[in-house]
Structure formats: structure tokens, C-alpha cells
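>>> Below are the sequence and a predicted model for it; my questions follow.
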Amino acid sequence: MRIMGLDFGAKTVGVAISDSLLLTAQGIEIIRREEENKLRRTLARIEELILEYQVEEIVLGLPRHMNNTEGARVELTMEFKDKLERRTGLPVVLWDERLTTVAADKAMLEAGLNRTERKAHVDKIAACLILQGYLDMRGMQKQEKQERKPF
């Protein structure tokens, strides 16, 4: 089993995939969107990746504002979530993505990448951060359950 992480934006969708042990996230692709309102090609590419990597669950970044309110991007993300679920038949989990793009950009800056290089990779790294946060949370929940089990 693998989990896919998505950073859904107006022009791009960053894609990350977990390893089969569900421990780490790896960025694999940035899907370029020609028009914000058209998702057919984007969804088709996501389906191809789902089959290629044997994905059984999707984690989709939810772009809330810093004050926890929801704007227009959240509404578009929710519509995308519904389309993903209908088209793929897979469960789609929403994950708070606040500051993931900032963290991705900062990590690349610290690694010495210039602005052009950072712009080319930021969505893929943001998808990694979204997915890694979710994987870490799953791992902690699993560990807590094991610690509560009586001997």
C-alpha cells in the first residue's frame, strides 16, 4: 500500500508518494495545469500515477488562512476532492497545508537553490511536506495504540 500526497494549486499540482512502509514521502512530479477550470488532464494523470504506484489513499492539502478561516481556494479544493473521490474511488483525506509552501521554499533556499530552481520544485516539495505530516501522524497514532495494549 502507498499513499499519495497532493498540493493542489491554480496552475500546478505537486505530487508525492509514500514508500510501501508508509514512513517517508518522496516528491515525484508537478502536474502543470493549462487552465484552472479544466481538470480532466490533471485527473487523468493522477489516475495513471495511482495505478503505477498502487496508491490506496490520497492526502490533499487544505489551504486554510492563517487565522483558520476558509477562502475561495478551500472551496475549489473541496470541489477537487469530490472529483478525485468520484473518479478514483479512493478515500481522500484533507490535511492542513498552512506554511508548507513557505517551509518548502525555505528548505530549498537553505540548500542553495536559486529562485528559478526553487520555483520549479516548490509544489512537489510542498506535497512531500503535506504527505510526510500525515504519515507522521499515522505513525504516532499507531504507536499510541500499541502502547495502550495490555500484555
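On my side now, so go ahead.

>>> So E35: helix, strand or coil?
coil (DSSP: H, G, I helix; E, B strand; the rest coil).

>>> what residue ranges in this protein are flagged as low confidence?
65-68, 70, 99, 101-103, 105, 108, 118, 120, 149-151 (pLDDT under 70).

>>> Show me the strands in it, by range?
Using DSSP state E, the strands of the chain run over 2-8, 12-18, 25-32, 55-62, 92-96.

>>> Figure out which of these is closest to R45.
strand 25-32 (5.2 Å; C-beta to C-beta). Quick note: C-beta positions are derived from backbone N, CA and C, even for glycine.

>>> The top helix by length along the chain packs against which elements?
Ranked by residue count, the top helix of the chain under DSSP state H comes out as helix 115-148. Helices and strands touching helix 115-148, as assessed by 3 or more C-beta pairs under 8 Å, 6 or more residues apart in numbering; DSSP states H and E, comprise strand 2-8, strand 12-18, strand 25-32, strand 55-62, strand 92-96, helix 100-110.

>>> Could you list the buried residues of that helix?
118, 121-135, 138 (16 or more other C-beta atoms under 10 Å).

>>> picking that back up, for A44, which of the strands of the chain is the nearest?
A44 lies closest to strand 25-32 among those, at 9.8 Å (C-beta to C-beta).

>>> What strands flank the closest one, and is each parallel or antiparallel?
Strands adjacent to strand 25-32 in the sheet, as given by DSSP bridges, are strand 12-18 (antiparallel).

>>> and the partner strand with helix 115-148, angle?
Angle of strand 12-18 versus helix 115-148, following axes from the mean of the first three to the mean of the last three C-alpha atoms, to 10 degrees, is 40 degrees.

>>> Name the residues that touch strand 12-18?
Strand 12-18 has contacts (C-beta atoms under 8 Å, 6 or more residues apart in numbering) with 2-7, 24-33, 42, 46, 49, 53, 55, 122-128, 130-132, 135.

>>> about what we covered before: output the strands of the chain as TSV; include the columns distance to R86 and mean neighbour count.
As requested, those are arranged in TSV below (distance: least, C-beta to C-beta, whole Å; neighbours: other C-beta atoms under 10 Å):
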stretch	distance to R86	mean neighbour count
strand 2-8	15	26
strand 12-18	17	25
strand 25-32	18	19
strand 55-62	12	21
strand 92-96	10	16
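
>>> Right, I'll call it a day here.
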